[in-house]
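*Asks:* need coordinates for the below:
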Amino acid sequence: MKRFRQTFIRAGLDALYFSGAHLWLRPIFAGLGGIFMLHHVRPRRDGSFQPNAHLEVTPDFLREMLMHLRAHDIEIIGIDELQRRLRERDTGHRFACFTFDDGYRDNRDFALPVMREFGAPFTIYVTSEFAEGSGRLWWIALEQVVARADRIEVEIGGVPTRLDTGSAAGKCAAFRRLQDWLRALPGEHDLRREMSVLCARHGVDEAAIASDLCLSWHEWRGLDSEKLITVGAHTLSHCNLAKQSEALARSEMADSRSRIEAELQRPVQHMAYPYGDRSAAAAREFALAAAAGFKTAVTTRPGMIFPENAAHPTALPRVSLNGYYQDARVLPVLTSGAATAMWNGFRRVDAA
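*Replies:* A predicted model of the protein is given here:
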């Protein structure tokens, strides 16, 4: 199903590009600009089993995107400037705003040098427990479990299940099934419990992953003088906020902000919802983010920014720079707004 989805999206992007439809849709759906979402930026990895490849782009692709924006006179602005323009109804120059989720070390090592080439500001949303080295990046732990196993035995929905992971195809299928199962569990503690069992059974040190991949507080303090980077909050633990009680969801947001401010001695006024789709962030979460004092909060709902988004600053859509689609012809389609318009049913604002 996931492979079919990728093929379908690729076909849609190609159709918009080769038909030229993105050009005549652009005046209608490009809006004021877009917030672009990234996670990892690093050189391409080898290997046929990379189930999280959609979360990473190469430095060359990021550079190509920035060159495209410059060539088309699209201004690259920071999240503070975006918030100002929305607040003051500044509908002038088209813009692009770059955001990176989770706080990976490769954002410093590979993304920052590219952004410096263009003087391009960007925001990194930090998960506090990842910076502390205590967080659990379960999707990466799951990739490591499946990568090293020839078979996985697990109880899914009360049914003992054996998954064949002896081949690349088998590993991909098993990862998708396990990921869907874990995401559907009732609570964060259920997900962590099951992942801990899988990691212990297959020799994966899940506790080491955050330290291996994410910037520590010490490393963050070494970036104090970097004027291009705005630091935002991505909750304490990267939990699905919609599955938490209201009190816990509020604490995940507010305490993440206060912890970052205490560690880095800089204000934190912007936030990204973990996962960020409808199942993880909706009206309650949007209201809680506003009550916590965040000026903006971003989702993973697809869409461009329109003047109407000023009324919903804690429910902002983004455009994913997806690792599966790293070629030049994708870029004018993404910046035209045509792709996200088709994906979200041609709605200008989706904040319910």
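*Asks:* where along the stretch 151-300 of the chain do the helices fall?
*Replies:* Under the criterion DSSP state H, counting those that start in this stretch, helices of the stretch 151-300 of the chain are mapped to 168-184, 188-202, 209-213, 217-221, 246-264, 283-291.
*Asks:* can you list these in CSV and add mean neighbour count, distance to residue 240 and mean pLDDT?
*Replies:* C-betas here are computed from N, CA, C, even on glycine. Shown next, in CSV, are the helices of the stretch 151-300 of the chain (neighbours: other C-beta atoms under 10 Å; distance: least, C-beta to C-beta, whole Å; pLDDT from 0 to 100):
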stretch, mean neighbour count, distance to residue 240, mean pLDDT
helix 168-184, 17, 8, 95
helix 188-202, 16, 7, 96
helix 209-213, 18, 18, 98
helix 217-221, 15, 25, 98
helix 246-264, 18, 9, 98
helix 283-291, 18, 10, 98
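*Asks:* relative to residue 155, which of the ones you listed is closest?
*Replies:* Judged by C-beta to C-beta, the one of the helices of the stretch 151-300 of the chain that comes nearest to residue 155 is helix 188-202, at 9.0 Å.
*Asks:* pull the distance from that closest one to the chain's centre.
*Replies:* Centroid separation for helix 188-202 versus its chain: 23 Å, with C-alpha atoms, centre = their mean, to the nearest Å.
*Asks:* equivalent analysis for stretch 249-259, please.
*Replies:* That offset, for stretch 249-259, works out to 19 Å (C-alpha atoms, centre = their mean).
*Asks:* what's in contact with it?
*Replies:* 126-128, 233-237, 239, 241-242, 244, 268, 271, 284-285, 288-289, 291-294 (C-beta atoms under 8 Å, 6 or more residues apart in numbering).
*Asks:* ok, back up a step: TSV please, covering the helices of the stretch 151-300 of the chain and showing distance to residue 132.
*Replies:* Below are the helices of the stretch 151-300 of the chain laid out as TSV (distance: least, C-beta to C-beta, whole Å):
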stretch	distance to residue 132
helix 168-184	23
helix 188-202	16
helix 209-213	8
helix 217-221	7
helix 246-264	8
helix 283-291	22
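*Asks:* between these, which one is nearest to residue 46?
*Replies:* Minimum separation from residue 46 across the helices of the stretch 151-300 of the chain (C-beta to C-beta) falls at helix 168-184, 12.6 Å.
*Asks:* report the angle between the closest one and helix 188-202.
*Replies:* Orientation note: helix 168-184 sits at an angle of 150 degrees relative to helix 188-202 (axes from the mean of the first three to the mean of the last three C-alpha atoms, to 10 degrees).
*Asks:* on that earlier part again, for the helices of the stretch 151-300 of the chain, which one sits closest to residue 103?
*Replies:* Among the helices of the stretch 151-300 of the chain, helix 217-221 comes nearest to residue 103, with 8.0 Å by C-beta to C-beta.
*Asks:* report all helices and strands that that closest one contacts.
*Replies:* Here helix 217-221 touches helix 128-132, helix 246-264, going by 3 or more C-beta pairs under 8 Å, 6 or more residues apart in numbering; DSSP states H and E.
*Asks:* now distance to residue 161 too, for those, in a markdown table please.
*Replies:* Converted to a markdown table, these look like this (distance: least, C-beta to C-beta, whole Å):
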| stretch | distance to residue 161 |
| --- | --- |
| helix 128-132 | 30 |
| helix 246-264 | 31 |
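*Asks:* ok, of the contacts of stretch 249-259, which come out buried?
*Replies:* Buried by 16 or more other C-beta atoms under 10 Å: 126-128, 233-237, 239, 241-242, 244, 268, 271, 285, 288-289, 292, 294, out of these.
*Asks:* which of the residues you listed fall within strands?
*Replies:* The strands, defined by DSSP state E, take in 126, 233, 271 from these.
*Asks:* turn the residues you listed into CSV, columns for pLDDT.
*Replies:* Output for these, formatted as CSV (pLDDT from 0 to 100):
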residue, pLDDT
126, 98
233, 98
271, 98
